[in-house]
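1. mind looking at a prediction? Sequence and model below.
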Amino acid sequence: MSLLILGIVIFLAIHLLPATAPNLREQLGERLGHVGWRLIHSGVALVGLYLIVQGYADWRMQPIFVWTPPAFLSHPTALLMVVAFIFLAAAWVPNNAIKKRVGHPMLLAVKTWAVAHLLVNGTLADLLLFGSFLAWGVISFIMHRRADRAAGLSRVGQSSPVATLITVLLGIVMAGLFALWLHPILIGVPAIIRLS
């Protein structure tokens, strides 16, 4: 459990730095340069991610069950994951209405992903992992929206219906590919095992 917790702390701390200590981030950026800061940020995040994967894999071998999720929750989880992938696509497709309306769709994708996984995973390691990412997503989203308001950013504006349609379709396709193909390969568990 210690590897998992350490990985979560490292990974989330480096990602919370811009929102919780923007001055420190600016100072580091000035000292190290944009590329230097990005390299250090990415390196620390990768170390955290490695520890999360290793720690989570270790705990899956001897799980401590906190609760047993009912099988019917796999259906809302599948729907939430489609929404999460649409938010993920919205973070990258330019000029789509979803990004213009909600702001910070990547954080919404993480929060939706975490909630979806909390519904169908009941071990202590799952609660730590997905609960931590949900808490991080909530805190980061609130802080980014406050910063947006302080900077006078508006969520009103023109967007492209074509870009929005592409965003939704791309999200649906990514969700399908991940559920049917990548999830079993990367995670080792079929994403839709209980939907049939």
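-> Yes, it's here. Residues are numbered from 1 along each chain as shown.

2. residue with max distance from the center of this structure?
-> Here the chain reaches farthest from its C-alpha mean at residue 31, the gap being 29.1 Å by C-alpha atoms, centre = their mean.

3. next helix or strand past the helix or strand hosting that residue?
-> Assigned by DSSP states H and E, residue 31 belongs to helix 22-61. As assigned by DSSP H and E, the chain's next helix or strand after helix 22-61 is helix 74-92.

4. which residues touch that next one?
-> Residues outside helix 74-92 that contact it (C-beta atoms under 8 Å, 6 or more residues apart in numbering) are 96, 98-99, 102, 105-106, 108-110, 112-113, 115-117, 119-120, 166-168, 170-172, 174-175, 178-179, 191-195. No exception for glycine: its C-beta is placed from N, CA and C like everyone else's.

5. so among these, which ones count as buried?
-> Using 16 or more other C-beta atoms under 10 Å as the burial test, those include 96, 98-99, 105-106, 108-110, 112-113, 115-117, 119-120, 166-168, 170-171, 174-175, 178-179, 191-192, 194 as buried.

6. next one: residue 187 from residue 38, what distance?
-> Separation of residue 187 from residue 38 (C-beta to C-beta, to the nearest Å): 28 Å.
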